[in-house]
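> Predicted model and sequence below, questions to follow.
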Amino acid sequence: MTCGKTQEFLAKKSISAKTLVDARKERIGPDAALKLTHEVSEVIAAKGKKVVRFRLDKDKPSREELLAVMIGPSGNLRAPTVRKGKKLLIGFEPGAYEEVLG
């Protein structure tokens, strides 16, 4: 459902996004998911209407804190996940997408 909302948002804003990983074919487990955070300075994660932000250089979140927002019930990286520059968006929340991708 959220992947559909993400695609709808991107289409409305005329933003093209390249899919690097098809989550239906390739699973990204906890260790690989954490490696994504080594390339960014901020993780913005949406769960429902709640948005959690970690500024990795200032907040210094623990492994457990990051995994709690990055990994879904399947034990793999939550979808959708989008990287733009030094920001990693996990889950879908319109305001966060507008801020980062808008």
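On my side now, so go ahead.

> End to end on stretch 69-85, go ahead and measure it.
End-to-end distance for stretch 69-85, by Cα to Cα, to the nearest Å: 20 Å.

> what's the average pLDDT for the lengthiest helix in the chain?
Secondary structure of the chain per DSSP state H: the longest helix is helix 2-12. The predicted model assigns helix 2-12 a mean pLDDT of 77.

> ok, residues contacting it?
Ser16, Ala17, Ala79, Pro80, Val82, Gly91, Phe92, Pro94, Tyr97, Leu101 (Cβ atoms under 8 Å, 6 or more residues apart in numbering). For the C-beta atoms, the positions are set from N, CA and C on the backbone; glycine is no exception.

> State the pair within those residues that is farthest apart.
Distance extremes for the contacts of helix 2-12: the farthest pair is Ser16 and Gly91 at 20.7 Å, using Cβ to Cβ.

> Which one of the two is surrounded by more residues?
A count of neighbours by other Cβ atoms under 10 Å puts Gly91 above the other of Ser16 and Gly91, at 24 against 7.

> quick one, what contacts the more buried one?
Each residue near Gly91 by Cβ under 8 Å, 6+ apart is listed here: Thr2, Ala45, Ala46, Lys47, Val69, Arg78, Pro80.

> just the buried members of those residues?
Applying 16 or more other Cβ atoms under 10 Å to the contacts of Gly91, the neighbour count classes Ala45, Ala46, Val69, Arg78, Pro80 as buried.

> Please list all residues in contact with the third one.
Shown in contact with Val69 (Cβ under 8 Å, 6+ apart): Val43, Ala45, Lys47, Val52, Phe54, Arg78, Ile90, Gly91.
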